[in-house]
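Enquirer: Fold the following and give me the result.
(2 chains)
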Amino acid sequence: DAMVIQNPRYQVTQFGKPVTLSCSQTLNHNVMYWYQQKSSQAPKLLFHYYDKDFNNEADTPDNFQSRRPNTSFCFLDIRSPGLGDAAMYLCATSRQDLGQPQHFGDGTRLSIL
Amino acid sequence: RKEVEQDPGPFNVPEGATVAFNCTYSNSASQSFFWYRQDCRKEPKLLMSVYSSGNEDGRFTAQLNRASQYISLLIRDSKLSDSATYLCVVTLNNNDMRFGAGTRLTVKP
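Expert: Prediction:
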């Protein structure tokens, strides 16, 4: 059974049109992460939530925002997608204890027209 | 220097071969280490954690060398289903995970 669920699996949007990707989890993990992964590259951390505490990576563009209304859900908002934002977006969760691995959702593949 | 560096490969090996991947990390304060496997256009999946004493899971053996700041993954008796990209992952003490770009493995009949 899927424990980290991302919707949709594939998302197509127009250049400049806001888009929201969603992630939910049934693991009750208190840490949630959003990564961007482009072809043949490592997943790049955009931000993560430690409970309700939001932690933004220094090089994450302002165009990317996130919301975590409760433990189970986390959203990635891209306010004005550019062609360079086409990528796989991965949501992950983990427990806060040191040494705990991250569990990933299936990802959302975003295309920009 | 990248935080986590891996040989991108590709490694092309025949079935039954033994293959080893290395990974180096730059931050000596790194606390936890993992190998993830990622199939084409899929999400990363945890293969195994890496412990200081080294650990084995079936055909897979992971080693950590803190002094030299590298970790390794050894795959024995390679199967066709082992074909994937193997990601080295290092965590600092704040659960901040850093990924290598991955090493691509293709096992051929």
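Enquirer: For residue 91, give me its contacts.
Expert: Picked chain A for this. For residue A:91, the contact set (CB atoms under 8 Å, 6 or more residues apart in numbering or on different chains) comprises A:4, A:6, A:21, A:23, A:32-35, A:74, A:76, A:104-105, A:107. Every residue, glycine included, has its C-beta placed from N, CA and C.
Enquirer: wait, chain B
Expert: Applying CB under 8 Å, 6+ apart, the residues near residue B:91 are A:98-99, B:30-34, B:97-98.
Enquirer: How about it: what's its closest non-neighbour residue?
Expert: What sits nearest to residue B:91 in space, not counting adjacent residues and going by CB to CB, 6 or more residues apart in numbering or on different chains, is residue B:32, at 4.0 Å.
Enquirer: and if you look at residue A:100?
Expert: Using CB to CB, 6+ apart, the nearest residue to residue A:100 is residue A:94, at 4.9 Å.
Enquirer: Ok, residue A:80 next?
Expert: Closest residue to residue A:80 apart from its sequence neighbours, by CB to CB, 6+ apart: residue A:16 at 5.0 Å.
Enquirer: helix, strand or coil for that neighbour?
Expert: Following DSSP: H, G, I helix; E, B strand; the rest coil, residue A:16 is assigned to coil.
Enquirer: In the sheet, which residues pair with the most centrally placed residue in chain A? Tell me.
Expert: Centroid-nearest residue in chain A: residue A:34, 2.9 Å away (criterion: CA atoms, centre = their mean). Listed by DSSP bridges, the beta-bridge partners for residue A:34 are residue A:47, residue A:91.
Enquirer: who's in contact with it?
Expert: Here residue A:34 is in contact with A:23, A:45-48, A:64, A:66, A:74, A:76, A:89-91 (CB under 8 Å, 6+ apart).
Enquirer: Filter those down to the buried ones, PyMOL style.
Expert: To isolate the buried members of these in PyMOL, using 16 or more other CB atoms under 10 Å in any protein chain shown:
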select buried, chain A and resi 23+45+46+47+48+64+66+74+76+89+90+91
